[in-house]
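Engineer: the sequence and its predicted three-dimensional model are supplied below.
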Amino acid sequence: MIQVALVLVILAALAAVQTRYLRHGVIYLGLFSLGIAFVYLLYNAPDVALAEAIIGSTLSTVLFIVALQKYKIFTIYYRVSGEDAGQDAASQSVIKSLEKFCTKQELEAQIIYTTEPIADIVENHQFSIIMNKQNMQYDVFIHENNYKIDALKTYLSQELPSIKVKILED
């Protein structure tokens with residue numbers, strides 16, 4: 001029985017480390033902690049098992065989830081053509097404006113510069129928006145399920161009226 005519990009604990013630990021999503025990692029850590037509490041119980045340490053179950057799997061999991069609710073990342077894929085590094089003054093102005101939007105919305109801007117085609121970004125990456133720069137023209141692609149779509153459209157129309165906003169559908 002102990003061997004099975006230890007294998008499950010190891011699997012939960014590996015799942016917590018390998019997962020792509022922070023929330024899933026927190027849940028796996030809670031399962032890991034609950035499994036360790038069960039192992040303590042099997043080793044005849046009920047006081048330690050009770051402390052681990054209460055503090056490790058319950059309290060810390062709830063605190064991590066609450067902290068994650070406050071930590072929201074807004075991933076911006078900034079797509080530039082191969083010869084354009086995106087470091088000119090206009091590009092910096094657009095980036096500063098997007099960072100200002102994120103600050104107002106209590107989001108952390110994560111800007112990723114790429115030369116990948118838009119179709120590849122949509123298919124292979126998680127994103128909040130895709131900024132496309134070609135020949136000093138800017139387009140913003142927003143997925144239709146983005147919960148900040150209305151606020152972003154309003155903000156861009158006020159701050160950067162030359163940018164065209166396009167909605168990506170499934």
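Structural biologist: Arrived safely.
Engineer: quick one, phi psi at the residue nearest in space to the middle of the chain?
Structural biologist: Nearest to the mean C-alpha position of the chain, by CA atoms, centre = their mean, lies Ile73 at 5.2 Å. Backbone torsions of Ile73, given as degrees, to the nearest 10, read phi -100, psi 130.
Engineer: OK, contacts around it?
Structural biologist: 107-108, 110 (CB atoms under 8 Å, 6 or more residues apart in numbering). Every residue, glycine included, has its C-beta placed from N, CA and C.
Engineer: now those residues: which count as buried?
Structural biologist: Leu107 (16 or more other CB atoms under 10 Å).
Engineer: what about Lys133, neighbour count?
Structural biologist: If you count neighbours by other CB atoms under 10 Å, Lys133 ends up with 18.
Engineer: please apply the same query to the one 3 residues further on.
Structural biologist: The local packing count at Met136 equals 10, with neighbours defined by other CB under 10 Å.
Engineer: and it, how far from Val80?
Structural biologist: 11 Å (CB to CB, to the nearest Å).
Engineer: flag the shaky bits of the protein, pLDDT-wise.
Structural biologist: 82-87, 170 (pLDDT under 70).
Engineer: domain parsing for it?
Structural biologist: Domain segmentation of the chain under automatic domain parsing yields 2-70, 73-168.
Engineer: mind telling me what element the closest residue to Lys164 other than its chain neighbours is part of?
Structural biologist: Distances taken as CB to CB, 6 or more residues apart in numbering put Asp139 closest to Lys164, at 5.0 Å, once the chain neighbours are dropped. In this structure, Asp139 sits in strand 137-143 according to DSSP states H and E.
Engineer: give me the buried positions along that strand.
Structural biologist: Per 16+ other CB under 10 Å, strand 137-143 contains these buried residues: 138, 140-143.
Engineer: right, and the helix or strand after that strand?
Structural biologist: Trace forward from strand 137-143 with DSSP H and E and the next one is helix 149-159.
Engineer: who touches that next one?
Structural biologist: Taking CB under 8 Å, 6+ apart as the rule, helix 149-159 contacts 97, 100-101, 104-105, 129, 140, 142, 146, 163, 165, 167.
Engineer: between these, which is closest to Ala13?
Structural biologist: Asn146 (33.5 Å; CB to CB).
Engineer: neighbours around the closest one, how many?
Structural biologist: By other CB under 10 Å, 16 other residues sit near Asn146.
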